[in-house]
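Novice: how would this look folded up:
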Amino acid sequence: MNFPKTVTASIITGILFLSTIFTMVPSTQAAGLFNLSSLVNVQWAENGKPVVPRGEVRQLQLNVSYTTTRGAFGRLALAAYQGRQITVNMEITSVPDWCTASLSTSTLAFVVPASPGAYIEQTTLLSLSVSDQAPAFDLGSISIKATAMKAGLISGFTKEFSLTFTPGYKPLIKPTITTNTKEIGPLDTATFPIQIENQGNARTIVTITVSNMPKDWNAIVTSPIILEEGSGSTNTAYLTIKPPKGFGYHYEEETINILLTPAQYDNQSNKGEPIPLSFLVQSRGFSTPGFEPILFLGALAAVLVLVKLKRKKS
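Specialist: This is a model prediction of the structure:
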C-alpha cells in the first residue's frame, strides 16, 4: 500500500519522536509526560424499582464504561495502544447488614478506543436480595470497586462506586388464636381473641372482614388493627359471635369465616394477600328470650302460694 508522502513523513516523525523520548527519559517519566490513563465508570443501567424483601432476588443490570485519557503529548502514544486489551476487575466491597449481593461477572475485557475520551460500554448483572429487617423505602447503598489494570504507558485506575437502591414494603402478618371452637348457650356470646404479629418491614394496617354470615347469627370483629413498624410488633383483635336466641330448645352449629388483609399504613393500596380464619360455634340449650320477668313473677307467685298454704295448715 502506498501512503502519501505527508502521511508517511508524519508517522516516521512520530516514531522518531517517541523513540527519542524513551531514550532520553525513563519509562515512568515518559508515562507522566504522555499522561495516558484508564477511566472506568459504573452505574445502574436504569432506575431500579424498589426491591421486594423476603425471598425475592432481583437481577439488576449495571453499565460499565471504559475510556482512555491522554495529556498534551500523548496523542501519538495513545494511537500506538489503540485496540490494546485492558482488563477491568470488579468487586463488591460493602453492603447493608440486611442485604446480600453478587456479580454475575467480576472481570470485563475492554480495548483502548480509537479516540481519547470515547467510551466503550459493557453490561453485567448484580443479583440483589434483602431480608425482612430491611427498612421499607429507606435508602440502601452498595459499594463496588472497579480496577483497570496497567498496560504499558497507560496507567491503572481504581475507584469505588456507591450505588443506591430502595428496599420495598412487603405486608407480612402472622395471626395466632388459642382456639377456634366454642360451645355456648343460645343467650350467650362467644368471643375469640386474635393476636396479630407484624412480620413485615413497616407500619401495617390490617382490615378484618366477616366473609360469611349464617342466617339469624350475628358476628362483629375489631377492625382495623394497627401494627407498628418493626418485626414482632403485635396487636389483638376480637371476634364476637352471637347465635340465634329464639324461644325454644337450640341445637345449632355454624362456622364463621373471616379475612385478614394487611396493607402498608401510609399507602393502603399496597396490600398483601388476605389470610382466612374459620371459627366454629355450637349453640346448645333452652332459650326463653323476653320471658325472664314473667318466669320470675311466676316463681315468686308460686312461692307465695306455698307459704300461704303452709300457714293455713299450721
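
Novice: Pull the residues that contact stretch 268-279.
Specialist: 169-173, 175, 177, 180-182, 190, 192, 194, 205, 211, 239, 241, 255-264 (C-beta atoms under 8 Å, 6 or more residues apart in numbering). C-beta: built from backbone N, CA, C; applies to glycine.

Novice: How about that stretch, which residues are buried there?
Specialist: Using 16 or more other C-beta atoms under 10 Å as the test for burial, stretch 268-279 gives 270, 272, 275, 277, 279.

Novice: Just the ones of the contacts of stretch 268-279 in strands?
Specialist: When these are checked against strands (DSSP state E), the matches are 173, 175, 181-182, 190, 192, 194, 205, 239, 241, 255-264.

Novice: returning to what we had before: among the contacts of stretch 268-279, which ones are buried?
Specialist: Using 16+ other C-beta under 10 Å, the buried members of the contacts of stretch 268-279 are 169-173, 175, 182, 190, 192, 194, 205, 239, 241, 256, 258, 260-264.

Novice: show me where the stretch 201-314 of the chain has helices.
Specialist: If DSSP state H, counting those that start in this stretch is used as the criterion, the helices of the stretch 201-314 of the chain fall at 292-313.

Novice: Low-confidence stretches in it?
Specialist: 289-314 (pLDDT under 70).

Novice: Got the domain ranges for the protein?
Specialist: 5-165, 173-292 (automatic domain parsing).

Novice: Strands of the stretch 1-150 of the chain, start to end?
Specialist: 37-44, 58-69, 85-94, 99-103, 107-111, 120-130, 140-148 (DSSP state E, counting those that start in this stretch).

Novice: who touches the fifth one?
Specialist: In this structure, residues lying in contact with strand 107-111 by C-beta under 8 Å, 6+ apart are 64, 66, 83-90, 120, 122, 124, 148.

Novice: Show me how to select, in PyMOL, the buried members of those.
Specialist: Applying 16+ other C-beta under 10 Å to the contacts of strand 107-111 leaves a buried subset, and the PyMOL line that selects it is:
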select buried, resi 64+66+86+88+90+120+124+148
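
Novice: Can you tell me which of the contacts of strand 107-111 lies closest to Gly285?
Specialist: Thr124 (72.7 Å; C-beta to C-beta).

Novice: pLDDT score for the closest residue in space to that closest one that isn't next to it in sequence?
Specialist: Using C-beta to C-beta, 6 or more residues apart in numbering and skipping the chain neighbours, the partner closest in space to Thr124 is Thr105 (4.6 Å). pLDDT recorded at Thr105 is 94.

Novice: tell me, how many neighbours does Thr105 end up with?
Specialist: When neighbours are counted by other C-beta atoms under 10 Å, Thr105 registers 12.

Novice: same thing with Thr209?
Specialist: 12.

Novice: so what's Gln122 bridging to?
Specialist: Beta-bridge partners for Gln122, by DSSP bridges, are Val64.

Novice: now it: how far from Met90?
Specialist: 11 Å (C-beta to C-beta, to the nearest Å).

Novice: same thing with Ile196?
Specialist: Counting by C-beta to C-beta, the gap from Ile196 to Met90 is 44 Å.

Novice: what does Asn212 give?
Specialist: Distance from Asn212 to Met90, by C-beta to C-beta: 57 Å.

Novice: same question, Phe34
Specialist: 27 Å.

Novice: and if you look at Gln82?
Specialist: Taking C-beta to C-beta, one finds Gln82 at 24 Å from Met90.

Novice: Skip the chain neighbours and tell me the closest residue to Ser38.
Specialist: Per C-beta to C-beta, 6+ apart, closest to Ser38 is Ala148, 3.7 Å.

Novice: ok, now Gln195?
Specialist: Nearest non-adjacent residue to Gln195 (C-beta to C-beta, 6+ apart): Thr176, at 4.6 Å.

Novice: swap in Thr100?
Specialist: Sequence neighbours aside, Ser129 is the residue nearest to Thr100 in space, at 5.4 Å (criterion: C-beta to C-beta, 6+ apart).

Novice: how about that neighbour, what does it touch?
Specialist: Ser129 neighbours (C-beta under 8 Å, 6+ apart): 51, 53, 55-58, 99-101.

Novice: before we move on, what about Ser104?
Specialist: So Ser104 contacts 124-127 (C-beta under 8 Å, 6+ apart).

Novice: what about stretch 90-101, start to end distance?
Specialist: In stretch 90-101, first residue to last residue: 13 Å (C-alpha to C-alpha, to the nearest Å).
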